[in-house]
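1. build me a structure from this.
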Amino acid sequence: MCHRHIGSIGGPPDTNFGQERFGGYEQALREHGLLVDERLVERGPFEPAFGSDPTDRLLHRTPEMTALLAAFVQSWWPVRKARLTVP
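-> Residues are numbered from 1 along each chain as shown. Okay, the predicted model is just below:
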């Protein structure tokens, strides 16, 4: 599968981890001729609820998303609930 709509759920933009993770996501997209689509990006605090809630938002807002880079293990619950496969 050639992924062209890749989502990202990362940490706060005011932390080194959040900045580096988003920078890596942006660089990988750029290296493959893709641009960041802000509809596919969620960034926020390192809190358990943050991983699940933004995943739900991304799944509903961008049904064309075929891949997801997630910094939070809680992000996978909505994916499983939607019966999507995770390699």
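
2. from here on, contacts and neighbour counts on C-alpha atoms
-> Noted.

3. mind listing what's buried along the helix ranked longest in the chain?
-> Longest helix in the chain, counting residues (DSSP state H): helix 16-31. By 16 or more other C-alpha atoms under 10 Å, the buried positions in helix 16-31 come out as 18-19, 21-22, 25-26, 29.

4. now do stretch 6-17: distance to the chain's middle.
-> Here stretch 6-17 shows a centroid-to-chain-centroid distance of 9 Å under the convention C-alpha atoms, centre = their mean, to the nearest Å.

5. straight-line length of it, end to end?
-> Stretch 6-17 has an end-to-end distance of 19 Å (C-alpha to C-alpha, to the nearest Å).

6. coming back round to it: neighbouring contacts of the longest helix of the chain?
-> For helix 16-31, contacts defined as C-alpha atoms under 8 Å, 6 or more residues apart in numbering pick out 8, 10-13, 35-36, 43.

7. recalculate using a threshold of 10 Å.
-> Residues from elsewhere that reach helix 16-31, judged by C-alpha atoms under 10 Å, 6 or more residues apart in numbering: 4-13, 15, 33-37, 41, 43-46, 69-71.

8. now stretch 62-70
-> Counting by C-alpha under 10 Å, 6+ apart, 1-11, 21-22, 25, 39-42, 51, 55, 58-59, 75-76, 79, 84, 86 sit against stretch 62-70.

9. who's in contact with the closest residue in space to Pro78 that isn't next to it in sequence?
-> Once flanking residues are discounted, Pro78 sits nearest to Asp56: 5.9 Å by C-alpha to C-alpha, 6 or more residues apart in numbering. By C-alpha under 10 Å, 6+ apart, Asp56 lies in contact with 75-79, 81-82.

10. filter those residues to the buried ones?
-> 75-76, 78-79.

11. follow-up on the earlier one: buried subset of the contacts of helix 16-31?
-> 5-12, 36, 41, 43, 70-71.

12. all helices for this protein, in order.
-> Under DSSP H, the chain gives helices at 16-31, 48-61, 76-81.
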